[in-house]
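Asks: sequence below, structure please.
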Amino acid sequence: MMGNANTEWIQMTDAAIVKQIGFFIKKTRLKLNKTQEQVAEDAGLNRWTISKIENGESITLSSLIQVLRALDAFYVLDAFNVVEEISPLAYAKLKKEQRERASSKVKKGTEKEDDLGW
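Replies: Got it, this is the predicted structure:
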């Protein structure tokens, strides 16, 4: 299960997911050749928190964000980006409502009222 690129998240327990996140944190830290102490200092946390997540224990979401920042690993949050998409029906409605030409400068029905006859 650990390190499997095709991890089936939906089939995993919450504890198994936390363990997988910890495994990722540890591998990323080692790849950067950083100690737990260095990551903790960069993240503004204590070393015990880094050890805790690497051993598959829960930490706060805020602490996880600090660890990801210290490891320059925010790319893992890309899946959380939300791209607003417009439905085909809403797009068609917008296109229909778009003006197709400008209106004339002379208002209809006011031409004669404005004419002073000079």
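
Asks: count of neighbours near Tyr91?
Replies: Per other Cβ atoms under 10 Å, the neighbour tally for Tyr91 reads 11. To be clear about C-beta, it is placed using only N, CA and C from the backbone, and glycine gets the same treatment.

Asks: same thing with Asn46?
Replies: Asn46, neighbours per other Cβ under 10 Å, totals 14.

Asks: and if you look at Ala40?
Replies: If we define neighbours as other Cβ under 10 Å, then Ala40 has 20 of them.

Asks: is it true that it touches Lys52?
Replies: No - here Ala40 does not reach Lys52: they are 10.7 Å apart, not a contact under Cβ atoms under 8 Å.

Asks: what do these two both touch?
Replies: Between them, Ala40 and Lys52 share no contacting residue under Cβ atoms under 8 Å, 6 or more residues apart in numbering.

Asks: from the chain's centre, how far out does the helix ranked longest in the chain sit?
Replies: The longest helix of the chain (DSSP state H) is helix 14-31. Here helix 14-31 is found 20 Å from its chain centre; the criterion is Cα atoms, centre = their mean, to the nearest Å.

Asks: quick check: buried residues in it?
Replies: Val18, Lys19, Gln20, Ile21, Gly22, Phe23, Phe24, Ile25, Lys26, Thr28, Arg29 (16 or more other Cβ atoms under 10 Å).

Asks: what ranges does this structure have for its helices?
Replies: Counting by DSSP H, the helices of the chain are 14-31, 36-43, 47-54, 61-70, 88-97, 111-114.

Asks: tell me which of the buried residues of helix 14-31 is nearest to Gly56?
Replies: Nearest to Gly56 among the buried residues of helix 14-31, counting by Cβ to Cβ, is Lys19 at 3.5 Å.

Asks: thanks a lot, see you next time.
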